[in-house]
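J.: quick one: sequence plus predicted model below, questions after.
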Amino acid sequence: MTPVLSVRNISKSFGAIKAVNNVSFDVHDGEVLGLIGPNGSGKSTLFNCILGQSTPNSGEVLFKGDSVAGKEAHELNKRGIGRTFQQLSVFPQMSVIDNIIMAGQEHHGTMLSRLMGAPDAGLTEEAEQLISFFRLDHLRDQMAGSLSYGQQKLVDAAVAFMSGPGLVLLDEPAGGVNLTMLEHLKERLQTYNREHGSTFVVIEHNMEFVMSLCSRIIVLAEGVIIAEGSPDEVKSNQRVIDAYLGD
Amino acid sequence: MTASPKYLLYIAMLVALVLAPLGQGNYIVYVLCSWLIFSVAAMGLNLTLGYAGQVSLAQAAFMGIGAYITALMTMAGYHWLLAMPFAILSCFGIGLILGYPALRVQHHFLAFVTLAFNTLVFLVLRNEEWLTGGSFGLVPIPRPDFFGFSTFKQVPFYYFALVCFLLAAGAMAWIVRSPWGRAFKALRENPIRANSLGLNTRLMTLLAFAIGSGFAGLAGAMMAPLVQFIEPGSFTLIHSLKILLMVVVGGSGFYYGPFLGAAIVVLLPELLRFTEGYYLIIYAAFVLVLMVFSPNGLIGLWQKLMDRFRTQQVERSDLKDGAQL
């Protein structure tokens, strides 16, 4: 079966520094893959190469078997790749429901039909379902910028799922989120993965979060993969302990 | 505001607009026409700047292009109804081209690019005398007739301008309420996120410029028959800054902002004339104080006041679902 995402021999250098060095891996349908490693290990560079925000020096990225080289972010999203950002990335002066409708409207109709059609592009019900799924109902009409950090992270996640992407890349979803909210976020992501069969790639520093969320982990250090396996295998890997986890 | 009072307010505003010129002298009606026309230009800039977040200091240049196209065509014998769409489409096309720098530069750099464009248009209008009449301008620009309805007198012209204004306001309301309006706001607030959600930010940036410029083209097409004489000095940078002031004073990014802003910029100096030499000082002080206390303009000020007097019914969101959120 064709992998949802194939990263093939990706290398990326900045001057003399090899940020990513010949990295290859596949992500399969419905899988939740964690990408971990110390700061400067190349995780974000790799993410940027996958998302077309950075052009690799060599290698290619395939989404469902097709190369996505040179594709812009909006084209990738139309093909079914969603993402969240490390930093808060909502539209602060738009309501929660508008944030979520915005995430879906470009996937419906043509430019002209979006101008001539209903203001909500017929997406209110779908957006409300997603709001309910993330238990944000009481915040539906609030400005996204007025929400707490953790709530905005949840909105960001809901936004990423609105277009029903086949692959979602989550960039440090747990960063800065308090423990209660973190548990809620993890539970929602797991439920979404189970119910919709979506595929996730997660970059995360919070080991407890990533180990309990992901079914497979890839560990990067100095731009190369030093370990790969189930959370338990990775946790007990001596190279990973030495390079990242510590004692 | 619930639906019924809102519609009553709309009807009241419409009645006020219809009654406004009755019993007034020619000059007052001329000032009211100017307000309607600058409202249309400011509406366009509000879309470009207020909704889509793209700085433009070239709105007067587009008004100039629209006015000159309308003047040249109507003086050549074409009807205004033919000249007007040509003016709008020309400005739309040129606006699309001017939008390209916005794909490369932002904020004050973009302001300088558009400023340079405004200067360029002024120079072309002044120097290409064979076409534009140079510094002498174009005169006499005819006022249109519509199936026996002559706009030659000031009050009929006001109603003609009012119809154009209402059509433009309706079109703008449609745009900003549509998914395009949401996309423009998303472009303003977080273009990288918007792009990652499937929005072609490049296309929307160009459209923001093009549509905003098209509205300025319409304003120019209305301005030419109002003044019946146009010259390059009417479309310089200072006029672009004036339109920018209308957007900012009214409330950038708010639908009604440009109408209020244009009223302040066009009508207030006239209302303050009784203060004789002090009117510019009072006017400047008003704008300064407004900007200091309400950077969101008059609409922002209104919202602040309403928030202060409105009963607070917001529940503590962190407690509403227990400790969950």
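T.: Thanks, I have the structure now.
J.: which residues are in contact with the closest residue to chain B within chain A?
T.: Nearest residue of chain A to chain B (C-beta to the nearest C-beta) works out as A:E106 at 3.6 Å. Just so you know, the C-beta spots here come from the backbone N, C-alpha and C atoms, and that holds for glycine as well. Applying C-beta atoms under 8 Å, 6 or more residues apart in numbering or on different chains to A:E106 gives the contacts A:H74, A:N77, A:K78, A:R114, A:S163, B:A183, B:L197, B:G198, B:L199, B:N200.
J.: what do you get if the cut-off is 10 Å, keeping everything else the same?
T.: A:74, A:77-78, A:114, A:121, A:163, B:179, B:182-183, B:186, B:194-195, B:197-200, B:204 (C-beta atoms under 10 Å, 6 or more residues apart in numbering or on different chains).
J.: starting at the chain centroid, how far to the longest helix along chain A?
T.: When chain A is parsed with DSSP state H, its longest helix is helix A:179-196. Offset of helix A:179-196 from its chain centre (C-alpha atoms, centre = their mean, to the nearest Å): 14 Å.
J.: before we move on, what's the pLDDT of A:M181?
T.: At A:M181, the model reports a pLDDT of 85.
J.: for the nearest residue to it once chain neighbours are set aside, the count of nearby residues, please.
T.: Closest residue to A:M181 apart from its sequence neighbours, by C-beta to C-beta, 6 or more residues apart in numbering or on different chains: A:G150 at 3.5 Å. Neighbours of A:G150 under the rule other C-beta atoms under 10 Å in any protein chain shown: 20.
J.: so A:G150 makes contact with A:L139?
T.: No: at 11.5 Å, A:G150 and A:L139 do not qualify as touching, with contact defined as C-beta atoms under 10 Å.
J.: contacts only, for B:Q24.
T.: B:Y30, B:V31, B:L32, B:Q154, B:V155, B:Y158.
J.: check which helix or strand the residue nearest to the fourth one when sequence neighbours are not counted maps to.
T.: Nearest-residue entry for B:Q154: B:V29, 4.3 Å, with adjacent residues in sequence omitted and distances by C-beta to C-beta, 6+ apart. When elements are defined using DSSP states H and E, B:V29 is found to belong to helix B:26-45.
J.: the helices in chain A, which residues?
T.: Using DSSP H, helices in chain A cover A:43-50, A:73-79, A:96-105, A:111-116, A:124-133, A:149-161, A:179-196, A:207-213, A:231-235, A:238-240.
J.: show me what the second one is in contact with.
T.: Which is helix A:73-79. Against helix A:73-79 from outside (C-beta under 10 Å, 6+ apart): A:50-53, A:61, A:63-64, A:66, A:68, A:71-72, A:81-83, A:103, A:106-107, A:160, A:163, A:165-167, A:169, B:192-204.
J.: from those, keep the buried residues only.
T.: Using 16 or more other C-beta atoms under 10 Å in any protein chain shown as the burial test, the contacts of helix A:73-79 include A:50-53, A:61, A:63-64, A:68, A:71-72, A:81-83, A:103, A:106-107, A:160, A:163, A:165-167, A:169, B:193-202, B:204 as buried.
J.: where does chain B get nearest to chain A, residue-wise?
T.: Closest point on chain B to chain A, by C-beta to the nearest C-beta, is B:G198, at 3.6 Å.
J.: any idea what sits nearest that residue, other than its immediate chain neighbours?
T.: B:G198 sits nearest to A:E106 (C-beta to C-beta, 6+ apart), 3.6 Å away.
J.: low-confidence ranges, the stretch 51-200 of chain B, go.
T.: Within the stretch 51-200 of chain B, not a single segment meets pLDDT under 70.
J.: got the residues of it near chain A?
T.: B:174-183, B:185-190, B:192-200 (C-beta under 10 Å from any C-beta of the partner chain).
J.: go again with 6 Å.
T.: Within the stretch 51-200 of chain B, the residues that sit near chain A (C-beta under 6 Å from any C-beta of the partner chain) are B:177-180, B:182, B:185-186, B:189-190, B:193, B:195-200.
J.: and which of these is nearest B:L120?
T.: The closest of these to B:L120 turns out to be B:N200 (C-beta to C-beta; 28.3 Å).
J.: and the closest residue to the closest one other than its chain neighbours, how many neighbours does it have?
T.: Once flanking residues are discounted, B:N200 sits nearest to A:H74: 5.2 Å by C-beta to C-beta, 6+ apart. Neighbour count for A:H74, taken as other C-beta under 10 Å: 21.
J.: rewinding a little: tell me the most packed of the contacts of B:Q24, by neighbour count.
T.: B:Y158 (25 neighbours).
J.: distance check, B:V227 against B:A161.
T.: Per C-beta to C-beta, to the nearest Å, B:V227 is found 12 Å from B:A161.
J.: please say which of the two ends up with more neighbours.
T.: More crowded of B:V227 and B:A161, by other C-beta under 10 Å: B:A161, with 25 against 18.
J.: now that one: how far from B:G212?
T.: B:A161 is 20 Å from B:G212, by C-beta to C-beta.
J.: residues from chain A in reach of chain B?
T.: Within reach of chain B by C-beta under 6 Å from any C-beta, chain A has these residues: A:73-74, A:77-78, A:83, A:89, A:91, A:93-94, A:102-103, A:105-107, A:114-115, A:119, A:121, A:138-139.
J.: pull out the buried members of those.
T.: Looks like these have A:73-74, A:77-78, A:83, A:89, A:91, A:94, A:102-103, A:105-107, A:114-115, A:119, A:121, A:139 buried, using 16+ other C-beta under 10 Å.
J.: got the phi and psi for the residue of chain A closest to chain B?
T.: A:E106 adopts backbone torsions of phi -70, psi -10, taken as degrees, to the nearest 10.
J.: do you know the pLDDT at it?
T.: pLDDT, A:E106: 95.
J.: likewise the one 3 residues further on?
T.: Reported pLDDT at A:G109 in the predicted model: 91.
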